[in-house]
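Visitor: The sequence and its predicted three-dimensional model are supplied below.
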Amino acid sequence: MPILVTGGAGYIGSVAVDKLREKGEEVVVLDDLRRGHRSALREDVPFYQGCVGDRALVANIVEEHKIEACIHFAALAYVDESVLEPAKYFENNVAQGIVLLEALQRAGVRRFVFSSTCATYGQPDQIPISEMCRQWPTNPYGWSKLAMERVLDSYGRAYGLKFVALRYFNAAGATEHRGEHHEPETHLVPNVLAAALGEKAELSVFGNDYPTPDGTAIRDFVHVSDLAEAHILALDYLRLRGDCSFINLGSGTGYSVQEVIETARKVTGRPIPTRIEKRREGDPTELVADAKKARVVLGWNPSLSDLPTILRSQWAWRRKHPRGYD
Ligand SMILES: NC(=O)c1ccc[n+]([C@@H]2O[C@H](COP(=O)([O-])OP(=O)(O)OC[C@H]3O[C@@H](n4cnc5c(N)ncnc54)[C@H](O)[C@@H]3O)[C@@H](O)[C@H]2O)c1
């Protein structure tokens, strides 16, 4: 029975769709394309352009395709935008998410894998961050994801929904055919490579006065392909009657922004001019996952999530696709 993948035309979703198909799963994609790309999906993937909050559309898809489970990637995910337009984030990420859950529940679809985020932790009270750490987001994007986590937990207890909420750290990297193309792009790795390509005159570094060895913030990068693999493991875990779970997906290794830039200079062989700007409000000093639970519970073994591999893969994709998916 097919898997409904929402947001499957986006960065992580499109890699997951490829991986699901490689494993012999049938897939149906629902994406409104407001941030995704039709060309990030193969032509032969059943595709519906529409919102996850369109109750009738979701009900039709579930009925027509006899959907077994849903992997829910669809969301708005710009932190800055969420601060300026919180209503848009709560409507899209929470209200529409609830409509999706209701339509699935009515049709008897019980298995659900959710894209959550390390942004639900806010300023972490310990490093590495385990799933037991306090969650207190610093922006509406993080709150919208935490709200959905609470909804899932309540629905699991009351209605028998079986879910895994995967809290990703920083997704990066590319596969041979899929890469990251956001407009605007706010993530560090694609912006570093845009500076290497000369598309940006300078790369903005937000803060060099953090209490870290080189003064720049530290993040945990996880290869998009390893992330996609974890969704397949989560699906199998639910099929084997695994309990509802909240699970971090990170490499467990932190790299500073400066280290990312230096590694990118080596990988690309290009100069990457930088400009130091002031810290962005709410940006934590360090975000590094304790990723043990994913290994123990899901058997996840990220093999591509070291920084040089991530940068090499993303650089190869960017050079092959200078205009992204356009
Ligand atoms: N990229 C990261 O580093 C990262 C980190 C943590 C969590 N996440 C989460 O992972 C998920 C995927 O992230 P991404 O980087 O691939 O984002 P993306 O923007 O590339 O993909 C999201 C997709 O969802 C679609 N979409 C958004 N709202 C929709 C709606 N209401 N109905 C239908 N389609 C809708 C967009 O068109 C887009 O194709 C998101 O939920 C994001 O919050 C991403």
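Guide: Everything's here; your move. Residues are numbered from 1 along each chain as shown.
Visitor: burial of Pro211, as a residue count?
Guide: The number of residues packed near Pro211 is 7, by other C-beta atoms under 10 Å. All C-beta atoms are positioned from the backbone trio N, CA, C, and that covers glycine.
Visitor: Pretty sure it sits against Ser256.
Guide: No - here Pro211 lies out of contact with Ser256, judged by C-beta atoms under 8 Å, at a distance of 11.6 Å.
Visitor: ok, stretch 216-225 near the ligand or not?
Guide: No - judged by C-beta under 6 Å from any ligand atom, stretch 216-225 stays clear of the ligand, getting no closer than 8.1 Å.
Visitor: how long is that stretch from one end to the other?
Guide: 27 Å (C-alpha to C-alpha, to the nearest Å).
Visitor: Let's test this: mean pLDDT of stretch 305-322, rounded?
Guide: Averaging pLDDT along stretch 305-322 gives 96.
Visitor: Equivalent analysis for stretch 50-65, please.
Guide: 98.
Visitor: Tell me if that stretch is near the ligand.
Guide: Yes - using C-beta under 6 Å from any ligand atom, stretch 50-65 comes into contact with the ligand via Cys51, Val52, Gly53.
Visitor: ok, now stretch 97-116?
Guide: Yes - Stretch 97-116 lies within reach of the ligand by C-beta under 6 Å from any ligand atom, at Ser115.
Visitor: what is the mean pLDDT for that stretch?
Guide: 97.
Visitor: Ok, stretch 144-158 next?
Guide: 98.
Visitor: Out of the residues of stretch 50-65 next to the ligand, which sit inside helices?
Guide: Members of the residues of stretch 50-65 next to the ligand lying in helices (criterion: DSSP state H): none.
Visitor: Can you tell me which of those has the most neighbours?
Guide: Val52 (27 neighbours).
Visitor: Not counting its neighbours along the chain, what's nearest it?
Guide: Nearest non-adjacent residue to Val52, counting by C-beta to C-beta, 6 or more residues apart in numbering: Leu100, 4.3 Å away.
Visitor: same check, this time on Gln123
Guide: Nearest one to Gln123, counting by C-beta to C-beta, 6+ apart, is Pro284 at 5.0 Å.
Visitor: before we move on, which element is that neighbour in?
Guide: For Pro284, there is no host helix or strand (DSSP states H and E).
Visitor: what does Val29 give?
Guide: Using DSSP H and E, Val29 sits in strand 27-31.
Visitor: Quick one: residues in contact with that strand.
Guide: With contact meaning C-beta atoms under 8 Å, 6 or more residues apart in numbering, strand 27-31 is reached by 2-10, 13, 17, 20-21, 41, 45-50, 52, 57-58, 61, 65, 67, 74.
Visitor: Narrow the residues you listed to just the buried residues.
Guide: Listed as buried from the contacts of strand 27-31 are 2-10, 13, 17, 20, 41, 45, 47-48, 50, 52, 57-58, 61, 65, 67, 74; burial here means 16 or more other C-beta atoms under 10 Å.
Visitor: Quick check: phi and psi on Glu277?
Guide: phi -120, psi 170 (degrees, to the nearest 10).
Visitor: Name the residues linked to it by a beta bridge.
Guide: Residues in a beta bridge with Glu277, per DSSP bridges, are Phe206.
Visitor: Now do the same contact list for it.
Guide: Per C-beta under 8 Å, 6+ apart, neighbours of Glu277: Ser204, Val205, Phe206, Gly207.
Visitor: Could you tell me the phi and psi values at the first one?
Guide: Main-chain torsions, Ser204, degrees, to the nearest 10: phi -80, psi 130.
Visitor: Excluding chain neighbours, what is closest to it?
Guide: Glu277 (4.9 Å).
Visitor: quick one: pLDDT of the one you found?
Guide: With respect to pLDDT, Glu277 has a value of 96.
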